[in-house]
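Colleague: predicted structure and sequence below. I'll ask about it afterward.
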Protein chains: 2
Amino acid sequence: MNLFSKTGKMALGSRLRLFTGRITDDAAKIYELYNVDFSPKWFPVFFVLSTDGAKTITEIADDIGHSQPSVTKIIKEMEAAGIVAGNQKSKDKRRNVVSLTEAGGALAEKVKVQSGDIEVAIDEIISEATHNLWEALAEWEYLLDQKSLLTRVQGQKKLRESRDVQIVPYEDRYQTHFRSLNEQWISTYFKMEPSDSLALDNPREAILETGGKIFVALYENVPVGVCAMIKLEDPEYDYELAKMAVAPAVQGKNIGMLLGETVIKTARELGASKIYLESNTILAPAIKLYQKLGFQKVVGRATPYERCNIQMELNLKG
Amino acid sequence: MNLFSKTGKMALGSRLRLFTGRITDDAAKIYELYNVDFSPKWFPVFFVLSTDGAKTITEIADDIGHSQPSVTKIIKEMEAAGIVAGNQKSKDKRRNVVSLTEAGGALAEKVKVQSGDIEVAIDEIISEATHNLWEALAEWEYLLDQKSLLTRVQGQKKLRESRDVQIVPYEDRYQTHFRSLNEQWISTYFKMEPSDSLALDNPREAILETGGKIFVALYENVPVGVCAMIKLEDPEYDYELAKMAVAPAVQGKNIGMLLGETVIKTARELGASKIYLESNTILAPAIKLYQKLGFQKVVGRATPYERCNIQMELNLKG
DNA sequence: TATATTTGCATAACTGATTATATAAATAGT
DNA sequence: ACTATTTATATAATCAGTTATGCAAATATA
């Protein structure tokens, strides 16, 4: 039985490498069959030159999707074989303008015949198969342009990991985590301020008993993230989103997003119309997160924190 | 616009190479993403070891479809990384029995998680596409096992070329070709005999006027092949297929087959029931052709030719 | 107009595979 | 029991691509 039906799609690269080898090996033999002194790897270069005429090395590289050194090497080989001539007229002495020689032009005719036979042979395979490889390749090229395989896997990883994350309400046993997770980032980028200690040492008194809430993110049942919503006595804002912290080891698992979403959902349930927050632009990922959650920059509200250089709000009744 | 939609399928190899590069580049980054110290090329080896346990280098190479030196190198790298251990117990000191170390086993768990994410990401691409690349690859692997791309192109070349071949009846202006084409192969492998000269110098008298026929194969309107059917006065055989010759330059274009088929068709139309021929086993391609045409070996008939060491017949009313 | 930057190409070193070949151990043949 | 052959692996050279870097010519900038 086939290895790849067992390995699964993780081995797509290996499978493709093997398959490509098979095709290119046969390609070399096909050129022999037609008695043309031609290396298969020359073909893309040869093709653009025979359709577009003279071109520079870099232009060819861009056209065929190879690196420039690769084209330099191929052109050298083709030059040695008498198929192309380089260093054609150009005022710009850096450029190496290449075009087919007469012999190269003659070869194009031969290659056209061969190309026809290959086209038919491959179409025969395609018609025997139910899944069209040629079309599938075109589609994949397009789909990967839109969103690379890496990005797709990254997304899937985040999604899977966020399934292992639970957001739970604060309990007193989480106080040490609430404190240490916040202390960590604050003292990394800034320094602890009096208002910090007040809230972190007595979250129940400072936050919960004044009408706020705190949420804890558990990753595989370990507390790794926290976030508070503080009740504000303000004509405009109902709550402040504050004291959000995620352990560095689990960053990138969407935990901040889950905490933020929980706060917003809860505020909505409690009938709030606007949420406020304060941050610092040095914390770029945090700002980005807030923007993703829908927060927008505002100015003018007074704040007890020195480190605050940006204020944002989210309007829940838009 | 995409290069490959212009080049056509001749560039399948190039397209695959580029595409494979894209996938494997991302694969390397995906391993980084999961923080596993693992090279993508190790995966097939790793996979068979983690499912099958201990194996020798050659066994692994066979399983994964790589060359043995390739596996030797991969195993060395994996050994350096502490993932596998080689030279395990074996009486046969030539064999290098390899298996996963404890660290390698632990890695398998991590890789399984990663593999799951990749599977989902790839399935996402497959579901966005209308042509299934994964299935297409499996089908092509199978179809190419049945009949390689080279063989298919070869077949198509023959077919196309045989379309440029016309089989026409003998005319006197073809006498020099009839003579020289036959002289060429006879004097290459044997020497001309009296019966040869008789027929080649006077084909009209010797063959046509005694009730036989001669056919000439024109390739691009140039005579390149000849074949005679000689009327026999024999209780068993109606005609002898003889003096078949094809110019070396156009051999492999199915011309012998076309000449033979014309003779058989004509004999059938003339009501013949058995065709006879003489040849020599040194002419392997000719014998193979006769067999393809349906001729079978027989013995016992007298012949004027020294070079004859095999006699064959074709029964038309079988 | 002198200097800094950008552009176009070439070269070198590396990568992941291959084939060809060497070498040692095991097995077969006499 | 000795030699010839086969088997299992390792090593070297090659291939078709890559990235990194160097260098000279052209262009932009002060």
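Modeller: Looks like it arrived, so ask away.
Colleague: what ranges do the strands span in the stretch 151-300 of chain A?
Modeller: For the stretch 151-300 of chain A, applying DSSP state E, counting those that start in this stretch gives strands covering A:165-169, A:213-219, A:222-231, A:239-246, A:274-279, A:296-298.
Colleague: which strands and helices sit next to the next helix-or-strand element following the shortest one?
Modeller: Read that as strand A:296-298. Counting by DSSP states H and E, the next helix or strand C-terminal to strand A:296-298 is strand A:310-315. Here strand A:310-315 touches strand A:274-279, helix A:284-293, strand A:296-298, going by 3 or more CB pairs under 8 Å, 6 or more residues apart in numbering or on different chains; DSSP states H and E. The way it works is simple: take the backbone N, C-alpha and C, and place the C-beta from them, glycine included.
Colleague: A:G260: which of those is closest?
Modeller: In terms of CB to CB, the element of the helices and strands packed on strand A:310-315 nearest to A:G260 is helix A:284-293, at 4.6 Å.
Colleague: can I get that closest one in PDB, CA atoms only?
Modeller: C-alpha atoms of helix A:284-293 as PDB (Å, rounded to 0.1, in the frame of the first residue of the first chain):
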ATOM      1  CA  ALA A 284       1.700  47.200  19.700                       C
ATOM      2  CA  PRO A 285       0.100  43.700  19.900                       C
ATOM      3  CA  ALA A 286      -2.300  44.900  22.600                       C
ATOM      4  CA  ILE A 287      -3.400  47.900  20.600                       C
ATOM      5  CA  LYS A 288      -3.900  45.700  17.500                       C
ATOM      6  CA  LEU A 289      -6.000  43.400  19.600                       C
ATOM      7  CA  TYR A 290      -8.200  46.200  20.900                       C
ATOM      8  CA  GLN A 291      -8.700  47.400  17.300                       C
ATOM      9  CA  LYS A 292      -9.700  43.900  16.300                       C
ATOM     10  CA  LEU A 293     -12.200  44.000  19.100                       C
END
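Colleague: what are the buried residues along that helix?
Modeller: A:286-287, A:289-290, A:293 (16 or more other CB atoms under 10 Å in any protein chain shown).
Colleague: so what's the residue count around the nearest residue to A:R22 once chain neighbours are set aside?
Modeller: Nearest residue to A:R22, sequence neighbours excluded (CB to CB, 6 or more residues apart in numbering or on different chains): B:L144, at 6.5 Å. A count of neighbours around B:L144, defined by other CB atoms under 10 Å in any protein chain shown, yields 18.
Colleague: same question for A:Q146.
Modeller: Neighbour count for A:Q146, taken as other CB under 10 Å: 10.
Colleague: just list the residues touching A:K274, thanks.
Modeller: A:236-238, A:313-316 (CB atoms under 8 Å, 6 or more residues apart in numbering or on different chains).
Colleague: what is the neighbour count of the closest residue to A:K274 other than its chain neighbours?
Modeller: In this structure, A:K274 finds its nearest non-sequential neighbour in A:Y237, 5.0 Å apart by CB to CB, 6+ apart. Summarising burial for A:Y237: neighbours were counted as other CB under 10 Å, giving 20.
Colleague: same deal with A:T210?
Modeller: Neighbour count of A:T210, defined by other CB under 10 Å: 11.
Colleague: do the helix-or-strand element of chain A with minimal mean pLDDT and DNA strand C meet?
Modeller: Every helix and strand of chain A was ranked by mean pLDDT, DSSP states H and E. The lowest is helix A:3-7, at a mean of 86. No. Interface with DNA strand C: helix A:3-7 contributes nothing (CB under 7 Å from any atom of the strand), its closest point being 12.9 Å away.
Colleague: show me the domain layout of chain A.
Modeller: Using automatic domain parsing, the domains assigned to chain A come out as A:34-146, A:159-315.
Colleague: which one of these lies closest to DNA strand D?
Modeller: Nearest to DNA strand D, of all those, is domain A:34-146, at 2.9 Å by CB to the nearest atom of the strand.
Colleague: pLDDT below threshold where in chain A?
Modeller: Counting by pLDDT under 70, chain A shows low-confidence ranges at A:1, A:88-89.
Colleague: within range of DNA strand D, give me the residues from it.
Modeller: Residues of chain A lying near DNA strand D (CB under 7 Å from any atom of the strand): A:24, A:28, A:39-41, A:65-67, A:69-70, A:73-74, A:91-94.
Colleague: buried subset of those?
Modeller: With neighbours counted using 16+ other CB under 10 Å, those contain these buried positions: A:24, A:40-41, A:65-66, A:70, A:74.
Colleague: off-centre distance for stretch A:70-78?
Modeller: Offset of stretch A:70-78 from its chain centre (CA atoms, centre = their mean, to the nearest Å): 33 Å.
Colleague: dump the contacts of A:K274 to JSON lines, plus distance to A:K9.
Modeller: What follows is the contacts of A:K274, written out as JSON lines (distance: CB to CB, whole Å):
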{"residue": "A:E236", "distance to A:K9": "52"}
{"residue": "A:Y237", "distance to A:K9": "49"}
{"residue": "A:D238", "distance to A:K9": "48"}
{"residue": "A:E313", "distance to A:K9": "45"}
{"residue": "A:L314", "distance to A:K9": "40"}
{"residue": "A:N315", "distance to A:K9": "44"}
{"residue": "A:L316", "distance to A:K9": "42"}
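Colleague: closest one of the residues you listed to B:T51?
Modeller: The nearest member of these to B:T51, counting by CB to CB, is A:L314 at 51.1 Å.
Colleague: where exactly do the helices run in chain A?
Modeller: Listed in chain order, the helices of chain A (DSSP state H) span A:3-7, A:12-33, A:43-52, A:57-64, A:68-80, A:102-128, A:133-146, A:149-163, A:175-189, A:194-201, A:203, A:255-269, A:284-293.
Colleague: so which bits of the second one are buried?
Modeller: The neighbour-count check on helix A:12-33 (16+ other CB under 10 Å) flags A:12-20, A:22-24, A:26-27, A:30-31, A:33 as buried.
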